[in-house]
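*Asks:* what's the 3D shape of this:
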Amino acid sequence: MDFSLLTLGLIVALAFANGTNDVSKAIATLVGSGVTSYRTAIGWGMVWTMVGAGIAAFVATAMVKTFSSGFIEPNLVIPAAFPPSILSGAFLWVLFASTTGLPVSTTHALTGSLVGAGLLAFGSDGLIWATVLKKIALPLLLSPFLALGLSFFVHPRIKSMAKCWEGVCVCVVPNHRALVTVDAHGYTRTWFQAGGTGIPVTAVPSQCDRTGLSGLTVGLDSIHWLSSGVTSLARGMNDAPKIAAMLLLGTAAASWSSQTLQIVAFAGVAMAMGIGSYWGGRRVTEVLAEKVTQMNHTEGLSANLTTSSLVLLSGTLGLPVSTTHVSSSAIIGIGLLKGTQTVRWLTVRDMVLAWLVTIPAAACLACLTYLLLSRAI
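*Replies:* This is a model prediction of the structure:
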């Protein structure tokens, strides 16, 4: 039986489930710190996730190679039931977690499914355990601790910078072709003006009253928006190639037969991730935004900078860290800096249990699917 159409459908389904769970990792701080509403934040995350997934088609070759051929010994015949079994195990677990509000890792789910179905299909000798340990297990185990440590380093510095920035905004005044700053006392300073600084810059309201400005203003909230967008972009670049790589399982060179196929595959994954984000991203976002620790502007910004930097770096190196682990650990780290009593440990406990269960649960689901599909052949 030809499972190619089933595989295509499951790739779209997994990308959709990924969107419902993972969009929260970049935009929860916007909601948790009171910057914007859930609907607006999710829409913002959806757009930048899709952009990141599209960029991944051209820059994430290392990640595609890891997930398409890095787990399985070369020259093995890939059973037709293998790819849809992997996708089914990951999809079912991630979708279940999303409906229950648990932030889990698609990377973990795919890894568990690959190992579980791989053991059934090829036995332990058919899997490249060095890849599993060095490129999967080690980064996934270290990423929460790296995120905690980096948040401890980054947040005090962001907090110090924010004190200088508090009450100050940068304003573009088109009528005067000028760039000015307004401090907390209403004093303005012209930083740049086309044609010299001889023309006074007027009509700049005190306290950076943005409703009275005809030009662009950039404040602390603007930088928070930007950090959230970068984190969403990094998440899309990190997750899309893992899902799209399932199309290449069993190919000799683990490479795309044409650039058109590559672009179409990533475009489909990006669209499904976006739709899943907008349709079902709220439940997990609520957990990270409201049920881990309270956040303000500066804390949310610090968490996003920690997440985006680690995820972008790992994606560039082809190391599939979990955005879930990095983002959640960064938020927990922010809470710990304020005191252990500010962290809701029951929520953290549930999250950690979900992380621990993800690999075996996805592996069991993939094994069950493999057995069922093998009988249908």
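
*Asks:* Surely residue 241 and residue 65 touch.
*Replies:* No. Residue 241 lies out of contact with residue 65 (Cβ atoms under 8 Å); the separation is 9.1 Å. (Glycine included, C-beta is placed from N, CA and C.)

*Asks:* So this structure: which segments form each domain?
*Replies:* Listed domain ranges for the chain are 4-160+226-376, 169-218 (source: automatic domain parsing).

*Asks:* which of these sits most buried?
*Replies:* A comparison of the domains of the chain by mean neighbour count, using mean count of other Cβ atoms under 10 Å, puts domain 4-160+226-376 on top with a mean of 21.

*Asks:* what about it, start to end distance?
*Replies:* 14 Å (Cα to Cα, to the nearest Å).

*Asks:* What segments of the stretch 151-300 of the chain are strands?
*Replies:* Taking DSSP state E, counting those that start in this stretch as the criterion, the stretch 151-300 of the chain carries its strands at 169-173, 178-182, 188-193, 217-218.

*Asks:* least reliable of those strands going by mean pLDDT?
*Replies:* In terms of mean pLDDT, the lowest-scoring of the strands of the stretch 151-300 of the chain is strand 217-218 (a mean of 59).

*Asks:* Flag the shaky bits of this structure, pLDDT-wise.
*Replies:* Of all residues in the chain, those with pLDDT under 70 make up the ranges 1-2, 165-170, 173-176, 183-187, 191, 195-219, 250-255, 315-316, 318-320.

*Asks:* tell me the centre residue of it?
*Replies:* residue 235 (2.8 Å; Cα atoms, centre = their mean).

*Asks:* shouldn't that one be in contact with residue 25?
*Replies:* Yes. Residue 235 is in contact with residue 25 according to Cβ under 8 Å; the separation is 6.0 Å.

*Asks:* Name the residues contacting each of those two.
*Replies:* Taking Cβ atoms under 8 Å, 6 or more residues apart in numbering as the contact rule, residue 235 and residue 25 both touch residue 323.

*Asks:* Identify the residues contacting stretch 281-291?
*Replies:* Contact partners of stretch 281-291, identified using Cβ under 8 Å, 6+ apart, comprise 19-21, 23-25, 27-29, 31-32, 38, 41-42, 45-46, 97-103, 327-328, 331, 344, 347, 351.

*Asks:* Take these and keep only those in helices.
*Replies:* Counting by DSSP state H, these place 19-21, 24-25, 27-29, 31-32, 38, 41-42, 45-46, 97-100, 327-328, 331, 347, 351 in helices.

*Asks:* any idea how far residue 257 is from residue 247?
*Replies:* Applying Cβ to Cβ, to the nearest Å, the value for residue 257 to residue 247 is 10 Å.

*Asks:* Let me fix that, I meant to ask about residue 188.
*Replies:* 56 Å.

*Asks:* now do residue 285
*Replies:* Distance, residue 285 to residue 247, by Cβ to Cβ: 29 Å.

*Asks:* do the same with residue 131
*Replies:* Taking Cβ to Cβ as the measure, residue 131 falls 19 Å from residue 247.

*Asks:* Ok, residue 337 next?
*Replies:* Taking Cβ to Cβ, one finds residue 337 at 43 Å from residue 247.
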